[in-house]
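Colleague: structure for the following, please:
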Amino acid sequence: MDGSFKGREEFIAVYIDDILVFSKDENEHYKHLQTMLDTCKRKGLVLSPTKMKIVVPEIEFLGAVIGNSKIKLQPHIITKICDFIEEKLRTKAGLRSFLGILNYARNYIPKLSILLGPLYEKTNPKGDKRLKPSDYEIVRKIKEKFKALPDLEIHPQNAYIIIETDGCMEGWGGVYKWKKKKGDSKREESICAYASGKFKTVQSTIDAEINACINSLEKLKIYYLDKGKITLRSDCQAIISFYDKSNSNKASRVRWLKFMDIITGTGVKVNIEHIDGKQNLLADSLSRLANLCFVE
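Modeller: You can find the predicted model right below:
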């Protein structure tokens, strides 16, 4: 059905049989709705009046409540987690069901993976299937976290985007931030999403840092591809130096070229900015926790 609205992606999103129409204000929304209805009539699409919600400030879509410049996890998902019966965790199906629901919250809790690691080991065909008291304690901690989930802040159209990255020999982490203007202080920055992962193999810490930049830009690109310019922060001075052309002739040219490909291949101008390692706490924590708990 998404092909029916081709060319209307700026204000219409389609997922399977759900249609989401979004606008800046009420007057614009009525125009967008009319366009959507005209398209449905022309394409022969049948709509269900009982399932429609029109001109609302918030909407539930793909497991999230979107509106008022925030993204929140749907209440019924939080309820499913908090009320999940621990007895069901003794079966593989029950444990997988619990972990499956938790996937909805990966963008909301940056350190969720460190808690999930031991539970995912129980789903491994070669691992120990029995849950220990410490495993049940993990489940209870997770439930407590879900009772106070942070809202993610949706950036306005003209916001300036920052991606902070960090890599180590075990894995990488990325934090997607925004602020109203490029010149605003770091105190004005809000978090929109997190990303992290595990490295299969890396040759050195510099490789880890470069791949952290590459993976973060790739994982989070859906958020910034419409931007003319963004800032990428790294605590690796070698990356800053290379991008400033002062170190471009060093060895391991292939990895640098790959780094340049991801930087230049999106069409978005990326401003490279150094961040002190002591201030790069979120991305650093994610990268170091990834080896313990990341599941591909």
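Colleague: name the SS class of Gly197, please.
Modeller: Under DSSP: H, G, I helix; E, B strand; the rest coil, the three-state class of Gly197 is strand.
Colleague: put the alpha carbons of the helix ranked longest in the chain into PDB.
Modeller: Ranked by residue count and defined by DSSP state H, the top helix of the chain is helix 26-43. Extracted as PDB, the C-alpha positions of helix 26-43 are listed here (Å, rounded to 0.1, in the frame of the first residue of the first chain):
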ATOM      1  CA  GLU A  26      -4.100  22.200  12.000                       C
ATOM      2  CA  ASN A  27      -4.700  24.100   8.800                       C
ATOM      3  CA  GLU A  28      -1.900  22.200   7.000                       C
ATOM      4  CA  HIS A  29      -3.200  19.000   8.500                       C
ATOM      5  CA  TYR A  30      -6.700  19.300   6.900                       C
ATOM      6  CA  LYS A  31      -5.000  19.800   3.500                       C
ATOM      7  CA  HIS A  32      -2.800  16.700   4.000                       C
ATOM      8  CA  LEU A  33      -5.900  14.700   5.100                       C
ATOM      9  CA  GLN A  34      -7.700  15.700   2.000                       C
ATOM     10  CA  THR A  35      -4.800  14.600  -0.200                       C
ATOM     11  CA  MET A  36      -4.700  11.300   1.700                       C
ATOM     12  CA  LEU A  37      -8.400  10.800   1.200                       C
ATOM     13  CA  ASP A  38      -8.300  11.700  -2.500                       C
ATOM     14  CA  THR A  39      -5.500   9.200  -3.000                       C
ATOM     15  CA  CYS A  40      -7.400   6.400  -1.200                       C
ATOM     16  CA  LYS A  41     -10.500   7.100  -3.300                       C
ATOM     17  CA  ARG A  42      -8.400   7.100  -6.500                       C
ATOM     18  CA  LYS A  43      -6.600   3.900  -5.600                       C
END
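Colleague: just the buried residues of it, please?
Modeller: His29, His32, Leu33, Met36, Thr39, Cys40 (16 or more other C-beta atoms under 10 Å). C-beta here means a position set from N, CA and C on the backbone, and glycine is covered the same way.
Colleague: check the fifth one and give its pLDDT.
Modeller: Looking at Thr39, its pLDDT stands at 91.
Colleague: name all residues that make contact with it.
Modeller: Ser4, Phe5, Arg8, Leu45 (C-beta atoms under 8 Å, 6 or more residues apart in numbering).
Colleague: let's go with 10 Å and repeat that
Modeller: Thr39 is in contact with Ser4, Phe5, Lys6, Gly7, Arg8, Ile12, Ile19, Leu45, counting by C-beta atoms under 10 Å, 6 or more residues apart in numbering.
Colleague: ok, the first one - how many residues close by?
Modeller: I take that to be Ser4. Counted with other C-beta atoms under 10 Å, residues neighbouring Ser4 total 16.
Colleague: how about the nearest residue to it, chain neighbours excluded?
Modeller: Lys43 (4.5 Å; C-beta to C-beta, 6 or more residues apart in numbering).
Colleague: now do the one you found against Lys53, distance only.
Modeller: 21 Å (C-beta to C-beta, to the nearest Å).
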